[in-house]
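S.K.: show me how the following folds:
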Amino acid sequence: MKIRVALSQDIEACLEVRRTVFIQEQNVSEAEEIDGLDDSCLHILAVQNDVPVGTARIVIKENIAKIGRVCVVPNLRGTGLGAAIMREAMAVCKSQLGVQKAVLGSQIHAMGFYEKLGFQAFGTIYLDAGIEHRDMEIVL
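M.R.: Numbers count the residues shown, from 1 in each chain. Presented below is the predicted three-dimensional model:
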């Protein structure tokens, strides 16, 4: 299984994966998922045999990078692809001049995944798109 994970300009391919995971599978509304910020973000895309299979996006604000919209298609979960996407996202964050920290809003069930990558939780649990989340951060 050869999967390429890299920074990408193909926003439509990233949106294709996000529609599958967040809109169709998790019932997030299209208005919440397609928030108008994608044109100003950096995007990580995972592709297998020319098919988009995972993604994440990065919003840079001063010295903080916010990683979000991290997802993998259902049949490739548990394969290490999510971790590969996050490692690439963190490498991209580190490469941005002045960025010192990455933050994200983790769905509660995924917190252990991010903790294994070095993220630490902070703050209280909150709802985002009707799903419980908690903020997490890592110093880069």
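S.K.: quick one: neighbours of C14, just the number.
M.R.: Counted with other C-beta atoms under 10 Å, residues neighbouring C14 total 24. For the C-beta atoms, the positions are set from N, CA and C on the backbone; glycine is no exception.
S.K.: against Y126, how distant is it?
M.R.: Counting by C-beta to C-beta, to the nearest Å, the separation of C14 from Y126 is 25 Å.
S.K.: before we move on, what about N27?
M.R.: 18 Å.
S.K.: now do I11
M.R.: From I11 across to Y126, the span is 27 Å (C-beta to C-beta).
S.K.: what residues sit buried inside stretch 77-87?
M.R.: Using 16 or more other C-beta atoms under 10 Å as the test for burial, stretch 77-87 gives L81, G82, A84, I85, M86.
S.K.: next up, the contacts around the last one.
M.R.: I take that to be M86. A56, I67, V70, Y114, L117 (C-beta atoms under 8 Å, 6 or more residues apart in numbering).
S.K.: need the longest helix for the protein.
M.R.: helix 81-95 (DSSP state H).
S.K.: circling back: closest one of the buried residues of stretch 77-87 to E137?
M.R.: Here the nearest of those to E137, counting by C-beta to C-beta, is M86; it sits at 13.4 Å.
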